[in-house]
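Trainee: Could you look at this predicted model? Sequence included:
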Amino acid sequence: QQSGRRYNLFLKRRLRIDKRHQSKDSIFFRDGVRRIDFVLSYVDDFNKEWEKKWERRKEFESNLQKAGLELETEDKKESEDGKIYFVKIHAPWEVLITYAEVLNIKVPIKENDIPSTVENPLDCMLTPFRLPEKVMHPEPDYFTAPFSKDKQELYLINDENTFFSPSMRNRIVNYILTRCPYGTEEGKKKFGIKRLLNNGTYSAAYPLHDCQYWKKANDPNCDNERYTLYMEWARFLRFYKEQPLDLIRKYYGEKIGIYFAWLGFYTEMLFLAAVVGLICFLYGLFTMDENMSSKEICDPAIGGEIIMCPLCDRECDYWRLNTTCESSQYSHLFDNVATVFFAIFMGIWVTLFLEFWKRRQARLKYEWDLVDFEEEQQQLQLRPEYEAKCTQKKKNPVTQEMEPYLPLTSQAVRFCISGTTVLFWVSLIIASMIAVIVYRLAVYAAFASLMENFETLQPIRGLLTPQLATSVTASCLNFVIIMILNFIYERIAIWITDMEIPRTHMEYENRLTMKMFLFQFVNYYSSCFYVAFFKGKFVGYPGAYTYMFNSWRNEECDPAGCLIELTTQLTIVMAGKQIWGNIQEAIVPWICNWWGRRKARNNPENLYSRWEQDHDLQTFGALGLFYEYLEMVIQFGFITLFVASFPLAPLLALMNNILEIRVDSWKLTTQYRRPVAAKAHSIGVWQEILNGMAILSVVTNAFIVAFTSDMIPRLVYYYAYSENEDSPMSGYINNSLSVFLISDFPDRNKPKMVRDNFVICRYRDYRYPPDHERRYLHSMHFWHILAAKLAFIIIMEHVVFIVKFFVAWMIPDVPADVKAKIKREKYLTQKILHEYELEKLKERLCQGDKRATEKEYIATEGRMELTIQM
C-alpha cells in the first residue's frame with residue numbers, strides 16, 4: 001500500500017513536469033509567449049465568508065477581462081503547499097497603448113543626438129569606482145513624447161512585446177487593478193485590489209521579478225536585470241562602486257530610483273563633512289596634553305586642593321576636583337576651538353548639500369524624462385479609498401463632472417480627532433522624557449554613594465564619574481523607550497491618516513510624513529535638547545538648590561562640562577538607532593523568508609514556480625520608501641542639529657550609509673517582492689523638512705557652543721580676566737568656581753558623614769563669595785559671560801545665514817547645460833511632431849480628403865516655422 005502511494009505521488013509529480021514542457025521558473029504564460037505582468041493569489045478557505053469572497057473574485061476577474069486583460073489561473077494542486085491559487089495577468093498591446101495614453105507615459109520618438117558632456121580628464125582616476133557602461137546605461141538615450149494611439153507610427157516601435165518595459169507594464173496593470181469594480185455591497189459600489197486584499201478575498205498582488213537573483217534565467221527572452229542588479233549593486237563587496245541608477249530606475253521605477261540617487265549623493269557629501277570632523281577630533285586629541293584647564297584639574301597642587309561641594313543631598317560627600325582628571329581630558333576632545341569652526345563649517349555644508357542636490361535632481365529629471373511630469377498624472381489622482389468612502393458628490397468646476405467629496409463638517413471632526421491624538425502622543429513622549437529625568441535625579445545619589453563606598457570601583461572613578469554613569473544608563477533607558485514608542489506610534493499614525501481620508505496619494509503621504517516626522521523629531525531629539533539646553537542650567541547654588549516636584553534636586557553637569565554628556569547621549573541614541581535599523585531591515589526579512597521557504601528547498605527547481613518564489617518573499621509596501629526616508633532624515637538631524645558636540649557624527653553617518661545603500665539594495669533585490677513601479681520627480685516633502693532642519697541647525701549649534709560648551713567662558717577669561725601674560729589660561733579653573741561657606745548649608749543638603757573638617761567648598765558658577773555684601777548673587781563676571789554668549793549667538797547666526805543665502809543665490813538650481821538640453825529637446829520634439837502632422841496633412845490632401853484644406857496646410861507649416869524661430 002505504501003509503495004502504491006509512492007508510485008501515485010511519483011506519477012502526479014511526473015504529470016506536473018510533463019504538463020509544462022518549460023520550467024515553472026518562468027515569467028510567461030503556459031504558451032511561453034505572453035508575459036506575466038501581475039500575479040494575484042488567494043487561499044480557498046471554506047468558512048462563512050467563502051461564498052462572498054468567491055463571488056467577489058468572480059466579478060472582479062470578469063471585469064478585468066472586460067477591461068482587456070488576459071488571465072490564466074494556476075490550480076492549488078499545482079502550488080507547493082496545495083492551498084494557494086495563482087491568477088496570472090497579462091496586458092495585451094491594445095490595453096497597454098490605451099492606458100499609456102491615459103497615464104501620459106513618454107516613449108521614444110528619436111535617438112538623442114545631443115553630444116554628451118566633455119569628458120573629465122580626471123575620469124581615469126575614477127575608473128576603479130566605475131561600473132561597466134552596459135550596466136550604467138542599459139538602453140540608449142532617446143527624445144521622448146507622450147504616447148498617443150493615433151500616432152503610433154511616429155514612435156520607435158521595433159517590437160510590441162518589448163516596447164513597454166516591465167516596470168511600465170506593471171504600472172499600467174496596477175492602475176487598472178486599483179480601479180476595477182467587483183460589485184455592490186450595502187448599497188455602495190466597491191472597487192480596487194486594495195480593498196480585496198484588506199478583506200481577505202486575495203492574499204497578495206504583485207509583479208514578478210524577472211529571474212532568480214543568484215543566477216541568470218534559462219529563457220533567452222529574459223533580461224536578467226535582477227541578476228545584474230544583485231551582482232553589480234546589491235553585494236556589500238561592491239560598496240566602493242557607483243550605483244547603476246538608470247538600471248534601478250528601469251527595473252523599479254523612478255520613485256525608488258530617485259531615493260537611491262538621493263541616498264548616494266548624501267553619502268558622497270558626507271565624505272567631506274566626515275573628513276573635516278575627523279580633523280577637528282584629531283586636533284582635540286593632539287592638543288589634549290596642552291589644555292591648561294585639564295592640567296590645572298589634574299595638578300595635585302591645584303585640583304587636588306580644591307574641595308567641591310556635594311553633588312547630591314545627604315548621600316554625597318565633599319570631593320576633590322582632581323578626581324575628574326580623566327573626564328576633563330576627554331572633554332577636551334570635543335570642547336575646543338575646532339568646535340566653533342566645525343559648527344560654522346557644517347552650517348555651510350548643509351547649504352552646499354541641499355543646493356547641489358537640487359542640481360543633481362534637475363539633471364535626473366531631464367535624463368529620466370520627468371521635466372514635464374506633473375504630479376496629477378499619478379499623485380493627484382483620487383485615491384480609491386477616497387472615492388469609495390465619500391458617498392456625496394459635487395461638480396468639479398474645472399472638469400464640470402461630478403466627483404466625490406468629503407463635507408467640511410466631517411473633515412473638521414476628523415482633523416480634531418487626528419490633532420488630539422498626535423498631541424496626546426507628543427505629550428506622552430514629553431512625559432517619558434520627564435520620567436527619564438526623574439530616573440537621572442533618583443539614581444544619581446545611588447551611583448555617587450556606590451562609587452564612594454565600594455573599594456572595587458575606586459580604580460575607575462576618575463573615568464566613570466557618577467554623572468557619566470547616570471548619563472550612560474539614562475541614555476540606554478531613553479533609547480529603549482524611544483524604540484517602544486516608535487513601534488506603537490507608527491501604527492497609530494497610519495490609522496489616524498486613514499481616518500482623515502486624504503483626497504490624493506500625495507496628500508496622504510504628506511500628512512503621514514508630517515505626523516511621523518513631528519513625532520520622531522520629539523521622540524529622538526527631546527533628550528538631546530534636554531542635555532544641551534536645560535541640564536545644569538537651573539541648579540541654583542549650595543544652600544538654595546532648585547528641586548523638581550520639590551523632591552529631586554536638579555542635576556548638575558559633569559565637572560568637565562555638559563558637552564561630554566551631550567556627546568554620550570548623541571552617540572548612544574544615534575549609534576543604537578543605526579544598529580537596530582540595520583537589524584530590522586536586513587536580518588528580520590531574511591529570517592522570515594528563510595522560514596517561509598524551508599519546505600520548498602527540498603523540491604526540484606522546475607516545480608517551484610517563479611510566482612511561488614516571489615509569493616514567499618516579503619512585501620515592500622506603499623510606505624516602504626517612506627520609512628527609508630524617515631530613517632535618513634532623522635540621521636540628518638543628528639549630524640546637523642547637535643554636530644558641535646560630536647564632530648565624529650558625520651563619520652558614523654558615512655559608515656552607516658555605505659552599509660545602508662548595500663543593505664537597502666540587497667533586501668530590495670533578494671528579500672522583497674518586486675514593488676509596483678511609480679513615478680516621482682523629486683524627494684517630495686522631505687526637501688522642505690531638510691531645509692527647515694538646515695536653518696534650525698544653525699540656531700542649535702550656536703546655542704550649544706555658547707551655553708553647553710565652555711568655549712565662551714574661556715574666551716572671556718582669556719581676553720578680560722587673565723593676569724598672566726606668559727600663560728593667559730592659567731588660573732581659569734579657580735576663576736570659574738565660586739566659594740560657599742559650609743556652615744551655611746541647611747540640614748537638607750548636608751552630607752550624612754563628613755570625614756574632614758572643611759570650611760569652604762567650591763561649585764561651578766559665577767557668584768560673589770560669602771564675605772561679599774551681595775553674597776551668593778551673580779557677579780559681574782557672570783553677566784559679562786552671558787553678554788558674550790548672546791553676542792556670539794547673534795554674530796554666528798548672522799554670519800552663517802549670510803553665507804548660506806549667498807551660496808544658495810550663487811548656485812543655480814538647474815545646471816546651464818541641462819537648461820540648454822531641455823530647450824533643445826523641446827524644440828526637436830516639437831519639430832518632429834509638426835513634421836509628422838504636416839506629412840499626414842499632405843497625405844490627406846493627395847487622397848482628396850475634403851476636410852484637409854490648403855489653408856490648413858499653410859497654417860500648419862507656418863506654425864512649424866514659428867516654432868523654429870522661437
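Mentor: Looks like it came in fine. Residues are numbered from 1 along each chain as shown.
Trainee: Please count neighbours and contacts with C-alpha atoms only from this point.
Mentor: Noted.
Trainee: what's the burial count for Asn161?
Mentor: Other residues within reach of Asn161, judged by other CA atoms under 10 Å, total 14.
Trainee: Look up how far Trp93 lies from it.
Mentor: 8 Å (CA to CA, to the nearest Å).
Trainee: now swap in Gln411 and tell me
Mentor: 42 Å.
Trainee: Next: Lys189.
Mentor: Taking CA to CA, one finds Lys189 at 29 Å from Trp93.
Trainee: what's the answer for Gln329, then?
Mentor: 73 Å.
Trainee: So between the two, which is more surrounded?
Mentor: Taking other CA under 10 Å, Gln329 and Trp93 do not tie; Gln329 has more neighbours (24 against 14).
Trainee: How far off centre is whichever strand or helix holds the more buried one?
Mentor: Taking DSSP states H and E as the definition, one finds Gln329 inside helix 325-331. Relative to its parent chain, helix 325-331 has a centroid offset of 36 Å by CA atoms, centre = their mean, to the nearest Å.
Trainee: and that helix, C-alpha only, in CSV?
Mentor: In CSV, the C-alpha atoms belonging to helix 325-331 read as follows (Å, rounded to 0.1, in the frame of the first residue of the first chain):
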residue,chain,number,x,y,z
CYS,A,325,41.1,64.5,35.8
GLU,A,326,40.4,61.8,33.0
SER,A,327,36.9,63.0,32.2
SER,A,328,38.2,66.6,31.8
GLN,A,329,40.9,65.4,29.4
TYR,A,330,38.4,63.5,27.3
SER,A,331,36.0,66.5,27.3
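Trainee: And the next helix or strand past it?
Mentor: Criterion used, DSSP H and E; the element after helix 325-331 is helix 337-367.
Trainee: That following helix - what's its average pLDDT?
Mentor: Helix 337-367 shows a mean pLDDT of 92.
Trainee: buried sites along it?
Mentor: Across helix 337-367, burial judged by 16 or more other CA atoms under 10 Å covers 338-340, 342-352, 354-367.
Trainee: dump the residue contacts of Tyr142.
Mentor: Applying CA atoms under 8 Å, 6 or more residues apart in numbering, we find Tyr142 in contact with Pro108, Ile109, Lys110, Glu111, Asn112.
Trainee: will you turn these into a markdown table that also has pLDDT, distance to Ile733 and neighbour count?
Mentor: Converted to a markdown table, the contacts of Tyr142 look like this (pLDDT from 0 to 100; distance: CA to CA, whole Å; neighbours: other CA atoms under 10 Å):
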| residue | pLDDT | distance to Ile733 | neighbour count |
| --- | --- | --- | --- |
| Pro108 | 89 | 73 | 19 |
| Ile109 | 85 | 76 | 21 |
| Lys110 | 82 | 75 | 17 |
| Glu111 | 80 | 73 | 12 |
| Asn112 | 77 | 70 | 15 |
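Trainee: Let me know the secondary structure of Ile89.
Mentor: strand (DSSP: H, G, I helix; E, B strand; the rest coil).
Trainee: who's the residue nearest to Pro207 when sequence neighbours are not counted bridged to?
Mentor: Computed as CA to CA, 6 or more residues apart in numbering, the closest residue to Pro207 that is not its neighbour in sequence is Phe38, at 4.3 Å. Counting by DSSP bridges, Phe38 is bridged to Ile89.
Trainee: show me what contacts Phe38?
Mentor: Lys88, Ile89, His90, Asn170, Val173, Asn174, Ala205, Tyr206, Pro207, Leu208.
Trainee: ok, the fourth one to Leu229 distance?
Mentor: Spatial separation of Asn170 from Leu229 under the definition CA to CA is 19 Å.
Trainee: So the nearest residue to Ala644 once chain neighbours are set aside versus Gly284, what's the distance?
Mentor: Leaving out its chain neighbours, the residue that sits closest to Ala644 by CA to CA, 6+ apart is Ala343, at 5.1 Å. For Ala343, the distance to Gly284 (CA to CA) stands at 15 Å.
Trainee: can you check Lys750 too?
Mentor: 38 Å.
Trainee: One more: Cys592?
Mentor: 46 Å.
Trainee: If you count surrounding residues, which of those two has more?
Mentor: Gly284 (24 against 14).
Trainee: What's the per-residue pLDDT of that one here?
Mentor: What the model reports for Gly284 is a pLDDT of 91.
Trainee: pretty sure it contacts Gln329?
Mentor: No: the criterion here is CA atoms under 8 Å, and Gly284 misses it with Gln329 at 9.6 Å.
Trainee: returning to that earlier point: if you count surrounding residues, which of Asn170 and Leu229 has more?
Mentor: Taking other CA under 10 Å, Asn170 and Leu229 do not tie; Asn170 has more neighbours (27 against 22).
Trainee: Am I right that His278 is in contact with Ala649?
Mentor: Wrong residue type there; residue 278 is Leu, not His. No: Leu278 is beyond contact range of Ala649, at 9.4 Å (criterion: CA under 8 Å).
Trainee: So between these two, which is more surrounded?
Mentor: Of the pair Leu278 and Ala649, Ala649 is the one with more neighbours under other CA under 10 Å, namely 26 against 17.
Trainee: Identify the residues contacting the more buried one.
Mentor: By CA under 8 Å, 6+ apart, the neighbours of Ala649 are Ala274, Gly277, Thr571, Phe638, Ile639, Val643.
Trainee: quick check, nearest of those to Met516?
Mentor: Nearest to Met516 among these is Phe638, at 16.7 Å by CA to CA.
Trainee: And for that closest one, nearest residue in space, chain neighbours not counted?
Mentor: With CA to CA, 6+ apart, the residue lying closest to Phe638 is Met574, at 7.0 Å.
Trainee: CA atoms of the helix or strand hosting that neighbour as PDB?
Mentor: Using DSSP H and E, Met574 maps to helix 563-582. The C-alpha trace of helix 563-582 is given here as PDB (Å, rounded to 0.1, in the frame of the first residue of the first chain):
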ATOM      1  CA  LEU A 563      29.200  68.800  26.300                       C
ATOM      2  CA  ILE A 564      30.700  65.400  27.100                       C
ATOM      3  CA  GLU A 565      27.300  64.300  28.400                       C
ATOM      4  CA  LEU A 566      25.600  65.500  25.200                       C
ATOM      5  CA  THR A 567      28.200  63.600  23.200                       C
ATOM      6  CA  THR A 568      27.400  60.500  25.200                       C
ATOM      7  CA  GLN A 569      23.700  60.900  24.700                       C
ATOM      8  CA  LEU A 570      24.100  61.600  21.000                       C
ATOM      9  CA  THR A 571      26.400  58.600  20.400                       C
ATOM     10  CA  ILE A 572      24.200  56.100  22.200                       C
ATOM     11  CA  VAL A 573      20.900  57.200  20.500                       C
ATOM     12  CA  MET A 574      22.400  57.700  17.100                       C
ATOM     13  CA  ALA A 575      24.600  54.500  17.000                       C
ATOM     14  CA  GLY A 576      21.800  52.500  18.700                       C
ATOM     15  CA  LYS A 577      19.200  53.600  16.100                       C
ATOM     16  CA  GLN A 578      21.500  52.800  13.200                       C
ATOM     17  CA  ILE A 579      22.400  49.300  14.500                       C
ATOM     18  CA  TRP A 580      18.800  48.500  15.300                       C
ATOM     19  CA  GLY A 581      17.600  49.900  12.000                       C
ATOM     20  CA  ASN A 582      20.000  47.600  10.000                       C
END
